[in-house]
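K.L.:
Just the structure for this:
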Amino acid sequence: MALRPTLILLLFLCWTLPLIPLQLLLVKLQHPGRKWLPLYYHRVVAWLMRVKIRVEGRPANQAPVLFIINHISWLDIVVLSTVVPVSFVAKSEIESWPFFGLLSRLQRTVFVQRHVRQKTAEHRDEMQERLSAGDNLILFPEGTSSDGLRILPFKTAFFALAEQPVNGNPLTVQPVSLGYAKLNHMPVGRRWMHLFAWVGDEDLVPHLWRYLKSGPAEAVIEFHQPVTIQDFKSRKEMAAYCHQVVIEGLSDINAGREPGPRSLPKSRLGPPEEPATEESGDTLPPEK
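P.N.:
Sure thing, here's the model as predicted:
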(Lines give C-alpha, C1' and ligand atoms only; values in the text may rest on other atoms or scores of the structure.)
Protein backbone atom coordinates (compact mmCIF):
# COMPACT_ATOMS: atom_id res chain seq x y z
CA MET A 1 0.00 0.00 0.00
CA ALA A 2 2.94 2.34 0.63
CA LEU A 3 4.60 1.70 -2.74
CA ARG A 4 2.22 3.74 -4.87
CA PRO A 5 2.20 6.94 -2.77
CA THR A 6 5.97 6.71 -2.38
CA LEU A 7 6.40 6.47 -6.14
CA ILE A 8 4.02 9.38 -6.70
CA LEU A 9 5.94 11.57 -4.27
CA LEU A 10 9.27 10.68 -5.89
CA LEU A 11 7.93 11.54 -9.34
CA PHE A 12 6.45 14.73 -7.92
CA LEU A 13 9.84 15.79 -6.59
CA CYS A 14 11.56 14.88 -9.85
CA TRP A 15 9.10 17.11 -11.70
CA THR A 16 9.05 19.95 -9.17
CA LEU A 17 12.65 20.50 -8.11
CA PRO A 18 14.09 21.33 -11.56
CA LEU A 19 11.30 23.85 -12.19
CA ILE A 20 11.80 25.81 -8.96
CA PRO A 21 14.84 27.80 -10.15
CA LEU A 22 13.18 28.41 -13.52
CA GLN A 23 10.06 29.88 -11.90
CA LEU A 24 12.20 31.91 -9.49
CA LEU A 25 13.95 33.45 -12.47
CA LEU A 26 10.70 34.15 -14.32
CA VAL A 27 9.23 35.85 -11.25
CA LYS A 28 12.36 37.92 -10.68
CA LEU A 29 12.42 39.07 -14.31
CA GLN A 30 8.65 39.71 -14.33
CA HIS A 31 8.50 37.51 -17.43
CA PRO A 32 4.98 36.61 -18.71
CA GLY A 33 5.93 32.95 -18.37
CA ARG A 34 5.67 33.30 -14.58
CA LYS A 35 1.88 33.15 -14.99
CA TRP A 36 1.81 30.23 -17.42
CA LEU A 37 4.42 27.85 -16.01
CA PRO A 38 2.27 27.03 -12.93
CA LEU A 39 -0.61 26.12 -15.25
CA TYR A 40 1.37 23.42 -17.07
CA TYR A 41 3.17 22.38 -13.90
CA HIS A 42 -0.10 21.62 -12.10
CA ARG A 43 -1.49 19.71 -15.07
CA VAL A 44 1.36 17.24 -14.68
CA VAL A 45 0.89 17.15 -10.89
CA ALA A 46 -2.81 16.37 -11.35
CA TRP A 47 -1.87 13.56 -13.74
CA LEU A 48 0.62 12.15 -11.23
CA MET A 49 -2.05 12.22 -8.54
CA ARG A 50 -4.49 10.54 -10.93
CA VAL A 51 -7.03 13.34 -10.79
CA LYS A 52 -9.19 13.71 -13.88
CA ILE A 53 -10.61 17.22 -14.14
CA ARG A 54 -13.93 17.92 -15.82
CA VAL A 55 -14.78 21.54 -16.59
CA GLU A 56 -18.32 22.84 -17.03
CA GLY A 57 -18.80 26.34 -18.41
CA ARG A 58 -15.95 28.67 -19.26
CA PRO A 59 -13.69 30.93 -17.25
CA ALA A 60 -14.17 34.60 -18.06
CA ASN A 61 -11.71 35.55 -20.77
CA GLN A 62 -11.16 39.18 -19.84
CA ALA A 63 -8.39 39.55 -17.26
CA PRO A 64 -8.38 40.40 -14.47
CA VAL A 65 -11.02 38.16 -12.90
CA LEU A 66 -11.81 37.62 -9.25
CA PHE A 67 -12.87 33.97 -8.94
CA ILE A 68 -15.11 33.15 -5.97
CA ILE A 69 -14.83 29.45 -5.12
CA ASN A 70 -15.83 27.05 -2.38
CA HIS A 71 -12.93 25.45 -0.52
CA ILE A 72 -12.62 21.73 0.31
CA SER A 73 -8.99 20.65 0.34
CA TRP A 74 -5.33 21.36 -0.37
CA LEU A 75 -6.09 19.48 -3.60
CA ASP A 76 -8.18 22.47 -4.72
CA ILE A 77 -4.96 24.35 -5.46
CA VAL A 78 -3.77 21.67 -7.87
CA VAL A 79 -7.14 21.28 -9.56
CA LEU A 80 -7.91 24.98 -10.02
CA SER A 81 -4.40 25.79 -11.23
CA THR A 82 -4.79 23.47 -14.23
CA VAL A 83 -7.51 25.51 -15.89
CA VAL A 84 -6.49 29.17 -15.93
CA PRO A 85 -3.45 31.18 -14.78
CA VAL A 86 -4.29 32.32 -11.25
CA SER A 87 -2.82 33.41 -7.95
CA PHE A 88 -4.44 32.57 -4.63
CA VAL A 89 -5.23 34.60 -1.54
CA ALA A 90 -4.07 32.60 1.48
CA LYS A 91 -3.39 33.00 5.18
CA SER A 92 0.04 34.33 6.01
CA GLU A 93 1.01 31.20 7.98
CA ILE A 94 1.31 29.23 4.74
CA GLU A 95 4.22 31.41 3.65
CA SER A 96 6.38 29.91 6.41
CA TRP A 97 5.47 26.27 5.71
CA PRO A 98 8.45 24.14 4.65
CA PHE A 99 8.51 23.54 0.88
CA PHE A 100 4.78 24.25 0.34
CA GLY A 101 5.34 27.85 1.39
CA LEU A 102 7.98 28.15 -1.32
CA LEU A 103 5.62 26.69 -3.92
CA SER A 104 2.96 29.20 -2.84
CA ARG A 105 5.36 32.10 -3.24
CA LEU A 106 6.37 30.85 -6.68
CA GLN A 107 2.72 31.02 -7.72
CA ARG A 108 2.71 34.60 -6.47
CA THR A 109 0.18 33.97 -3.71
CA VAL A 110 -1.17 37.01 -1.86
CA PHE A 111 -0.66 36.31 1.84
CA VAL A 112 -2.96 37.97 4.37
CA GLN A 113 -2.86 38.12 8.14
CA ARG A 114 -6.01 36.84 9.75
CA HIS A 115 -7.83 38.85 12.42
CA VAL A 116 -5.49 41.84 12.05
CA ARG A 117 -7.73 44.84 11.37
CA GLN A 118 -4.95 47.35 10.78
CA LYS A 119 -3.63 45.17 7.93
CA THR A 120 -6.96 44.99 6.09
CA ALA A 121 -6.46 48.10 3.94
CA GLU A 122 -2.88 47.09 3.16
CA HIS A 123 -3.95 43.63 1.99
CA ARG A 124 -6.74 45.07 -0.14
CA ASP A 125 -4.34 47.55 -1.72
CA GLU A 126 -2.00 44.68 -2.63
CA MET A 127 -4.82 42.71 -4.20
CA GLN A 128 -6.02 45.82 -6.04
CA GLU A 129 -2.51 46.31 -7.44
CA ARG A 130 -2.38 42.71 -8.61
CA LEU A 131 -5.74 43.01 -10.31
CA SER A 132 -4.72 46.28 -11.94
CA ALA A 133 -1.66 44.47 -13.32
CA GLY A 134 -3.97 41.95 -15.00
CA ASP A 135 -3.56 39.08 -12.54
CA ASN A 136 -6.47 36.71 -11.86
CA LEU A 137 -7.10 36.04 -8.17
CA ILE A 138 -8.90 33.20 -6.40
CA LEU A 139 -10.76 33.81 -3.14
CA PHE A 140 -12.23 31.20 -0.82
CA PRO A 141 -14.88 33.38 0.87
CA GLU A 142 -16.02 30.68 3.31
CA GLY A 143 -12.90 31.57 5.25
CA THR A 144 -11.93 27.93 5.78
CA SER A 145 -12.29 24.55 4.10
CA SER A 146 -15.60 22.68 4.33
CA ASP A 147 -16.50 19.00 4.42
CA GLY A 148 -17.20 18.93 0.66
CA LEU A 149 -20.91 18.24 1.21
CA ARG A 150 -22.05 21.73 2.14
CA ILE A 151 -20.91 25.30 1.74
CA LEU A 152 -20.41 27.63 4.68
CA PRO A 153 -21.71 31.23 4.59
CA PHE A 154 -19.61 33.59 2.50
CA LYS A 155 -17.91 36.39 4.39
CA THR A 156 -18.17 39.63 2.51
CA ALA A 157 -15.02 41.57 3.39
CA PHE A 158 -13.17 40.60 0.22
CA PHE A 159 -16.16 41.46 -1.97
CA ALA A 160 -15.18 45.07 -1.32
CA LEU A 161 -12.61 44.52 -4.06
CA ALA A 162 -15.48 44.40 -6.54
CA GLU A 163 -16.62 47.87 -5.51
CA GLN A 164 -13.46 49.44 -6.88
CA PRO A 165 -13.01 49.76 -10.66
CA VAL A 166 -9.92 48.20 -12.20
CA ASN A 167 -8.27 50.30 -14.89
CA GLY A 168 -11.48 52.27 -15.23
CA ASN A 169 -13.77 49.24 -15.63
CA PRO A 170 -15.92 47.25 -13.18
CA LEU A 171 -14.09 44.21 -11.87
CA THR A 172 -15.30 40.91 -13.32
CA VAL A 173 -16.33 38.49 -10.58
CA GLN A 174 -17.00 34.86 -11.48
CA PRO A 175 -18.45 32.37 -9.00
CA VAL A 176 -17.18 28.81 -9.39
CA SER A 177 -18.31 25.49 -7.91
CA LEU A 178 -15.67 22.86 -7.16
CA GLY A 179 -16.44 19.30 -6.11
CA TYR A 180 -15.01 15.79 -6.09
CA ALA A 181 -17.40 13.50 -7.87
CA LYS A 182 -15.71 10.10 -8.24
CA LEU A 183 -13.16 7.87 -6.56
CA ASN A 184 -12.14 4.62 -8.19
CA HIS A 185 -14.72 5.45 -10.88
CA MET A 186 -17.54 5.35 -8.30
CA PRO A 187 -19.53 8.25 -6.77
CA VAL A 188 -17.73 9.69 -3.76
CA GLY A 189 -20.75 10.36 -1.55
CA ARG A 190 -20.52 10.89 2.19
CA ARG A 191 -18.58 7.69 2.77
CA TRP A 192 -15.43 8.70 0.90
CA MET A 193 -15.53 12.50 0.98
CA HIS A 194 -13.17 12.54 3.97
CA LEU A 195 -10.38 11.42 1.63
CA PHE A 196 -10.70 14.78 -0.14
CA ALA A 197 -11.92 17.20 2.53
CA TRP A 198 -9.16 18.69 4.65
CA VAL A 199 -10.95 20.21 7.63
CA GLY A 200 -10.37 21.02 11.24
CA ASP A 201 -6.88 20.75 12.67
CA GLU A 202 -5.79 17.72 10.66
CA ASP A 203 -2.14 17.86 9.60
CA LEU A 204 -1.40 18.15 5.91
CA VAL A 205 1.09 15.30 5.50
CA PRO A 206 -1.09 12.47 6.96
CA HIS A 207 -4.05 13.65 4.87
CA LEU A 208 -1.89 13.84 1.73
CA TRP A 209 -0.53 10.35 2.35
CA ARG A 210 -4.00 8.89 2.91
CA TYR A 211 -5.26 10.49 -0.29
CA LEU A 212 -2.32 9.18 -2.35
CA LYS A 213 -3.11 5.65 -1.16
CA SER A 214 -6.61 5.91 -2.64
CA GLY A 215 -7.57 5.37 -6.27
CA PRO A 216 -8.05 7.63 -9.30
CA ALA A 217 -10.41 10.54 -8.78
CA GLU A 218 -12.53 12.97 -10.75
CA ALA A 219 -12.84 16.64 -9.84
CA VAL A 220 -15.49 18.87 -11.39
CA ILE A 221 -15.20 22.62 -11.84
CA GLU A 222 -18.24 24.60 -12.92
CA PHE A 223 -17.72 28.21 -14.01
CA HIS A 224 -20.88 30.23 -13.52
CA GLN A 225 -21.95 33.41 -15.25
CA PRO A 226 -19.57 36.34 -14.57
CA VAL A 227 -21.00 39.42 -12.89
CA THR A 228 -19.92 42.88 -11.79
CA ILE A 229 -20.94 45.06 -8.85
CA GLN A 230 -23.22 46.94 -11.25
CA ASP A 231 -25.54 43.91 -11.21
CA PHE A 232 -26.21 44.37 -7.50
CA LYS A 233 -27.21 46.97 -4.96
CA SER A 234 -24.37 46.13 -2.61
CA ARG A 235 -21.47 43.76 -2.05
CA LYS A 236 -23.66 41.81 0.40
CA GLU A 237 -26.12 41.15 -2.40
CA MET A 238 -23.26 40.07 -4.67
CA ALA A 239 -21.98 37.70 -1.97
CA ALA A 240 -25.46 36.23 -1.53
CA TYR A 241 -25.78 35.63 -5.27
CA CYS A 242 -22.36 33.98 -5.53
CA HIS A 243 -23.18 31.81 -2.52
CA GLN A 244 -26.43 30.66 -4.10
CA VAL A 245 -25.04 29.63 -7.48
CA VAL A 246 -21.99 27.93 -5.95
CA ILE A 247 -24.36 25.88 -3.75
CA GLU A 248 -26.41 24.93 -6.81
CA GLY A 249 -23.30 23.80 -8.65
CA LEU A 250 -21.90 21.74 -5.76
CA SER A 251 -25.29 20.11 -5.23
CA ASP A 252 -25.32 18.90 -8.85
CA ILE A 253 -21.71 17.70 -8.65
CA ASN A 254 -22.30 15.70 -5.48
CA ALA A 255 -25.51 14.21 -6.88
CA GLY A 256 -23.86 13.24 -10.16
CA ARG A 257 -26.23 15.43 -12.16
CA GLU A 258 -25.51 17.46 -15.25
CA PRO A 259 -25.47 21.22 -14.55
CA GLY A 260 -29.00 22.60 -14.37
CA PRO A 261 -30.34 26.16 -14.67
CA ARG A 262 -28.68 28.60 -12.32
CA SER A 263 -29.91 31.64 -10.45
CA LEU A 264 -29.24 35.00 -12.06
CA PRO A 265 -28.74 38.45 -10.53
CA LYS A 266 -31.88 40.50 -9.88
CA SER A 267 -30.86 42.94 -12.57
CA ARG A 268 -31.01 40.17 -15.19
CA LEU A 269 -33.74 37.71 -14.37
CA GLY A 270 -35.51 38.55 -11.16
CA PRO A 271 -34.45 37.80 -7.60
CA PRO A 272 -32.78 34.53 -6.61
CA GLU A 273 -33.51 33.16 -3.19
CA GLU A 274 -30.67 34.51 -1.10
CA PRO A 275 -29.20 32.51 1.78
CA ALA A 276 -28.33 34.14 5.05
CA THR A 277 -24.76 35.39 5.06
CA GLU A 278 -22.33 36.44 7.72
CA GLU A 279 -20.67 39.82 7.47
CA SER A 280 -17.11 39.81 8.61
CA GLY A 281 -16.68 43.56 8.84
CA ASP A 282 -13.16 44.61 8.05
CA THR A 283 -11.55 41.44 9.30
CA LEU A 284 -10.11 39.26 6.55
CA PRO A 285 -11.48 35.72 6.54
CA PRO A 286 -9.10 32.89 7.36
CA GLU A 287 -8.15 30.20 4.87
CA LYS A 288 -6.84 26.71 5.29
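K.L.:
Now the element after the lengthiest strand in the chain, going C-ward?
P.N.:
In the chain, with assignment by DSSP state E, the single longest strand is strand 172-183. Using DSSP states H and E, the helix or strand that follows strand 172-183 in sequence is strand 186-187.
K.L.:
contact partners of the helix or strand that comes right after that next one?
P.N.:
Next in sequence after strand 186-187, counting helices and strands by DSSP H and E, comes helix 189-192. Contacts of helix 189-192 with the rest of the structure, by Cβ atoms under 8 Å, 6 or more residues apart in numbering, involve Leu149, Leu183, Ser214, Asn254. For every residue, glycine as well, the C-beta is placed using N, CA and C.
K.L.:
Quick one: buried ones out of the residues you listed?
P.N.:
Neighbour counting with 16 or more other Cβ atoms under 10 Å marks Leu183, Ser214, Asn254 as buried within the contacts of helix 189-192.
K.L.:
would a markdown table of those residues with pLDDT and distance to Lys236 be doable?
P.N.:
Shown next, in a markdown table, are the buried ones among the contacts of helix 189-192 (pLDDT from 0 to 100; distance: Cβ to Cβ, whole Å):
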| residue | pLDDT | distance to Lys236 |
| --- | --- | --- |
| Leu183 | 96 | 37 |
| Ser214 | 93 | 39 |
| Asn254 | 96 | 27 |
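K.L.:
between these, which is closest to Arg105?
P.N.:
Nearest to Arg105, judged by Cβ to Cβ, of the buried ones among the contacts of helix 189-192 is Ser214 at 29.1 Å.
K.L.:
Spatially nearest residue to that closest one (excluding sequence neighbours)?
P.N.:
Leu195 (5.2 Å; Cβ to Cβ, 6 or more residues apart in numbering).
K.L.:
so that neighbour touches Arg210, yeah?
P.N.:
Yes: judged on Cβ atoms under 8 Å, Leu195 makes contact with Arg210 at a distance of 6.5 Å.
K.L.:
neighbour count winner among these two?
P.N.:
Neighbours per residue (other Cβ atoms under 10 Å) separate Leu195 from Arg210, with Leu195 holding more: 21 against 13.
K.L.:
any chance you could read off phi and psi for the more buried one?
P.N.:
Leu195 adopts backbone torsions of phi -70, psi -20, taken as degrees, to the nearest 10.
K.L.:
how near is it to Cys14?
P.N.:
25 Å (Cβ to Cβ, to the nearest Å).
K.L.:
For the stretch 1-150 of the chain, give me the ranges with low pLDDT.
P.N.:
1, 114-120 (pLDDT under 70).
K.L.:
mind listing the strands for it?
P.N.:
51-56, 65-69, 87-91, 110-112, 137-139 (DSSP state E, counting those that start in this stretch).
K.L.:
Please render these as CSV that adds distance to Pro226 to the earlier fields.
P.N.:
Listed next are these as CSV, based on distance: least, Cβ to Cβ, whole Å:
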stretch, distance to Pro226
strand 51-56, 15
strand 65-69, 7
strand 87-91, 18
strand 110-112, 21
strand 137-139, 14
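K.L.:
what's the longest helix in the protein?
P.N.:
helix 235-255 (DSSP state H).
K.L.:
elements contacting that one?
P.N.:
Under the contact definition 3 or more Cβ pairs under 8 Å, 6 or more residues apart in numbering; DSSP states H and E, helix 235-255 sits against strand 65-69, strand 172-183, strand 217-223.
K.L.:
out of these, which comes closest to Val245?
P.N.:
strand 172-183 (5.1 Å).
K.L.:
Quick one: list the elements packing against that closest one.
P.N.:
Packing partners of strand 172-183 (3+ Cβ pairs under 8 Å, 6+ apart): strand 65-69, helix 75-80, strand 217-223, helix 235-255.
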